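Participant: Below: sequence and its predicted model.
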Amino acid sequence: MFEILTPLFVSLIVGGTLVGIIFGAIPGMTATMAVAVCLPLTYSLGLENGLALLLGLYVGGISGGLVPAILLGIPGTPSSITTTFDGYPMAQKGEGEKALRIGIVASLVGGLISLLVLDLFAPTLADFAIKFSYVEKFLIIFFALTVMAALSSDMLLGIFSGVLGIFVALIGTYDISDGGNGNLRLVPPGTEYWLESGFSLLPVLIGLFGFAAILEQAEIGVPKGHSSKDINVGKHSRFSFGIFKGQSINLVRSSLIGTFIGILPGVGGSAASIISYTNAKTFSKTPERFGKGEPGGIIASEAGNNGLTGGALVPLLSLGIPGDSTTALLIGAFTLQGVQVGPLFIGNNPGTWDAMIIAMLIANIAMFAMMYFAIRYFALVVTIPKHILFPVILMMCVIGAYTINYGIMFDVWTLLIFGVLGWLFTKLRLEVAPFIIGFILGPSAEVYFVKSLESFGDVTIFFTKSWIAVILWVLIIGSVAGAVLMARKNRQIAEEPV
Amino acid sequence: MGDLTRVTIDFDTSHLIFPTLIAIVLGLLGLAIVIRDRARIAAAGSYWRASWSAMDKPRFLGALALTLLYFSLMVPVGDIWPNTGMGFLLCSIPYVLATGILFMHERSLRQILPLLIVAVVGPTFVWWLFTYPLFLTLP
Amino acid sequence: MTFTRRTLLAAVSAAMVAAPLAAEAQNLPRNMRMVIGSTSTGGDTYQNSAIVAEALAEKLGINIKVDAVGASEGFKALGRDKRGTTIMMFHDQSFLGNLYGVTGYADPFADYLVGPTVAINPGNAYLVPADSPYQSMEDIFAAAEAGTRVRVAIQPGGVSEIGFTAMKNAARVRAPGSEANIVAVNTGSQSDKNQAMWDDLADVINGSIQANEQFTQLDPSDEKAMRFVWITARPETLEQAPEAGMGGTTRADMLSYASPETSVTLDGSEDFTFDKEFFLLFNKDMDPEIITAIDTALTEIYSEGAIQERQKASFFIPDFLPSEEAREHLTKKRDTYKQVIDDITSGS
């Protein structure tokens, strides 16, 4: 099985990982885009070498997103949203370098654990995954949505923001390809031409996090100097692996959650880090520190989103069904070579299967090595004067928005609309994090909710469908109760006389 | 009991179910906020006046105006040379430069020169990267 | 890596290098954009577009970018560009979406110019669980006639629904009234349709040879196992497929699930068939010379024969018709389906 380890194979993985990290690190460019761009190359590279490149891009792309998430507070990819919650506050406290290292280590562990799961249990897990019908999938999404309550600093306003996010996500058609009837709703008359497919996630995301942040800076006159005055990279607190002491449960749990969410087709990549983050906060002894620069938050988010990489390959390779949007493209690489993916894939193509596992392993290690030692260079970003950095970020946001759906100008306008909205949100004390989570999960929540009722015709089905549903309800209630208790505790602390 | 929980969903109108539900929840939450925060809402006028007067209007409104102009011009300019990404290239250079100068505090030549270099090299490099190796469409 | 995507693409298609059509090249835009009706860059529309775009670019000596913008955005981009720098690649969904009244679908024959066809994906199929009581389409029609509800999982509004509509139509022709017992389960992607079968929400699902063949090779005791009951392609189309077929299903096996061996009648005498055909669409006002140049180039490309090999390697059936013939053929095809859809929607 080691004869595939040719110099070309290894250099394609390493090169792919590097390009992937760059794509992931640029706000608005994603792992999916990196894979899409390089897909045609694989035709001439042959199957194993082509997959080596694509898997490197995939692992790198998912990992690179943590860099801008931590240093600039702008998630590089949708799955690193939760990394901003604790990473950016740490960076502002002068712990940017530490946060980056924590994130990279967590990414590596997440990637390796999910790879191990993929290698050992792929077919078994796929059989388990098909036990999840619309009902269980809805409950998983619902569980992920409960994080809105936990994330909000003001619960009422936070939940309102989250529900508003869901509402905005429903604008446009009830998508036929998700099982909808293709009819328009919530579209003001006269705007059908633009709003037919609703707002795309990526422009909304970089509008709310990137554009809005720059507008806020412009409003206060873009304080002089460069960002490193606010973000003092790694002067105060050094990174040591000791941080992971007491975090091992969080690390393993988040990796496994990420892997498992990846296995479920249709639940979506961003849900992985959101759910691991919710869990980490719910089970933490110090939940009040989450969102203010808690290393556990970064660990949960990054282990979760890298855990996704191995997980999403499980249904692809054992059912021929992609686990997320990036693995959907990998199907293209197989069909380009005339190789079928389906339940017989692993048995029929043991060589390719081994090659993929090895490629993932090398990609994870390469990702770690490159990112861990490049941290000092990443950190240079914050030493660039703001009057240069901001226009360049704006331009990159435009590129990302325009290219994400292969050239749709409305996506660029979406960027501006949500940039202004994000700025308004802060003014109105509405919260961006719950909003974006609602926006991401809203469409799946709708489809799975409506389809559950359409298929089973009874609202009790949500409680009686299976033992999986019961367990999910326990988690949902736990998460909500945790959030309520914490809010009450915070209020008591606030009311106590000093 | 069994009948009470039963629902029949008509596929042709199923696109309205979830939005209606969410709109109701949103309305209730909104109402709760209005009741709880009525004092703050009543004071909204002075809040907005204060934040308007504290705002760095040239930079904030200027950035918005420049962005509007940038987005509006990109497609028409690009249409002169179809599918070459020239709209992006020719609009980005002045946009980066103008926004940079707007955000700058001491507008001396020593400050502007590095910005000018970035404004020319940045978009050109990105344009080259997208047009050739990546082969993606730009306006 | 010093290779760029272009150079590698060029290397791949080195076999197709030929003298560019110098005369027409003057009127041709140097940079063209081929939008496609799908947002997936790994799907069949994208693959077909990539193959054709590459060959065309080489032959005409121009640049062609393929952009997976999806149906409604694709039509918008095509409608806006009268200079002919944007062309579109799509399949029967373009008119089926319109016939089924889906949002965002105009009549492609009226609002755009239908251009040459390039290939067929012969994979559209219907499957049942391995332990299903239905052995064939005959059984399904008989069950419907006997009053049993047969639930068919489809994605409504196009290619996935047309076979279902044909089933209802055949049931109506065989035993009027029995079509009411063939009911749709509206789902989305292939994964949703499979899941609907495993959740026992559907008795029959729409699928494809490519995506579902391996499930038909599983041990029947496996809960995921499936069987083909109907492949909608024309027998003439399937006969051009590689003899070995796909996976464990030979071409002969495939033919046994298609007309005439498996009959879903259109009107009592002829069988209903459906081939998913890929074709180009143009802006109505674009320079006809550009269309002629594309037609001529494609004619040459197809007469050279290399493109057919690439299409077949990806399990597509080469199917080139120049614009005029393609338009005639597709109009006829559309009219047949329009009749079937009208009969079913008005009758029930």
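Facilitator: Sure, I can see it. Numbering: from 1, shown residues only, chains lettered A, B, ... in the order given.

Participant: can you give me the strands in the chain?
Facilitator: You didn't say which chain, so I picked chain A. Shown for chain A, the strands assigned by DSSP state E span residues A:172-173, A:184-185.

Participant: nope, chain C please
Facilitator: So, for chain C - with DSSP E - the strands run C:31-36, C:63-67, C:86-91, C:112-121, C:124-129, C:150-154, C:182-186, C:204-208, C:226-231, C:276-283, C:317-321.

Participant: Kindly reformat those strands as JSON lines containing distance to residue B:41.
Facilitator: Heads up, the C-betas are built off the backbone N, CA and C, glycines and all. Shown next, in JSON lines, are the strands of chain C (distance: least, CB to CB, whole Å):
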{"stretch": "strand C:31-36", "distance to residue B:41": "47"}
{"stretch": "strand C:63-67", "distance to residue B:41": "47"}
{"stretch": "strand C:86-91", "distance to residue B:41": "50"}
{"stretch": "strand C:112-121", "distance to residue B:41": "52"}
{"stretch": "strand C:124-129", "distance to residue B:41": "58"}
{"stretch": "strand C:150-154", "distance to residue B:41": "50"}
{"stretch": "strand C:182-186", "distance to residue B:41": "44"}
{"stretch": "strand C:204-208", "distance to residue B:41": "53"}
{"stretch": "strand C:226-231", "distance to residue B:41": "59"}
{"stretch": "strand C:276-283", "distance to residue B:41": "52"}
{"stretch": "strand C:317-321", "distance to residue B:41": "65"}
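
Participant: Among those strands, single out whichever gets nearest to chain A.
Facilitator: Of all the strands of chain C, strand C:63-67 sits nearest to chain A, with 3.8 Å by CB to the nearest CB.

Participant: list the helices and strands the closest one packs on?
Facilitator: Helices and strands touching strand C:63-67, as assessed by 3 or more CB pairs under 8 Å, 6 or more residues apart in numbering or on different chains; DSSP states H and E, comprise strand C:31-36, helix C:44-60.

Participant: got a markdown table for those, with mean pLDDT, distance to chain A and mean neighbour count too?
Facilitator: Converted to a markdown table, those look like this (pLDDT from 0 to 100; distance: least, CB to the nearest CB, whole Å; neighbours: other CB atoms under 10 Å in any protein chain shown):
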| stretch | mean pLDDT | distance to chain A | mean neighbour count |
| --- | --- | --- | --- |
| strand C:31-36 | 94 | 8 | 23 |
| helix C:44-60 | 94 | 6 | 24 |
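
Participant: For those, please prepare CSV with the additional fields distance to chain B.
Facilitator: Shown next, in CSV, are those (distance: least, CB to the nearest CB, whole Å):
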stretch, distance to chain B
strand C:31-36, 4
helix C:44-60, 11
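
Participant: okay, these in TSV with distance to residue C:265 next?
Facilitator: Listed next are the helices and strands packed on strand C:63-67 as TSV, based on distance: least, CB to CB, whole Å:
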stretch	distance to residue C:265
strand C:31-36	34
helix C:44-60	28
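
Participant: So for residue C:8, what's the pLDDT?
Facilitator: pLDDT, residue C:8: 44.

Participant: And the helices in chain B?
Facilitator: Using DSSP state H, the helices found in chain B span residues B:17-36, B:38-42, B:44-54, B:57-80, B:86-103, B:109-131.

Participant: wait, which of these is closest to residue C:128?
Facilitator: helix B:17-36 (30.6 Å; CB to CB).

Participant: list the helices and strands that closest one packs on?
Facilitator: For helix B:17-36, the packing partners by 3+ CB pairs under 8 Å, 6+ apart are helix A:155-169, helix A:432-456.

Participant: what's the angle from it to helix A:155-169?
Facilitator: 150 degrees (axes from the mean of the first three to the mean of the last three CA atoms, to 10 degrees).

Participant: re the thing from before, what's the most buried one of the strands of chain A?
Facilitator: Per residue and on average, the most neighbours among the strands of chain A fall to strand A:172-173, with a mean of 22 (mean count of other CB atoms under 10 Å in any protein chain shown).
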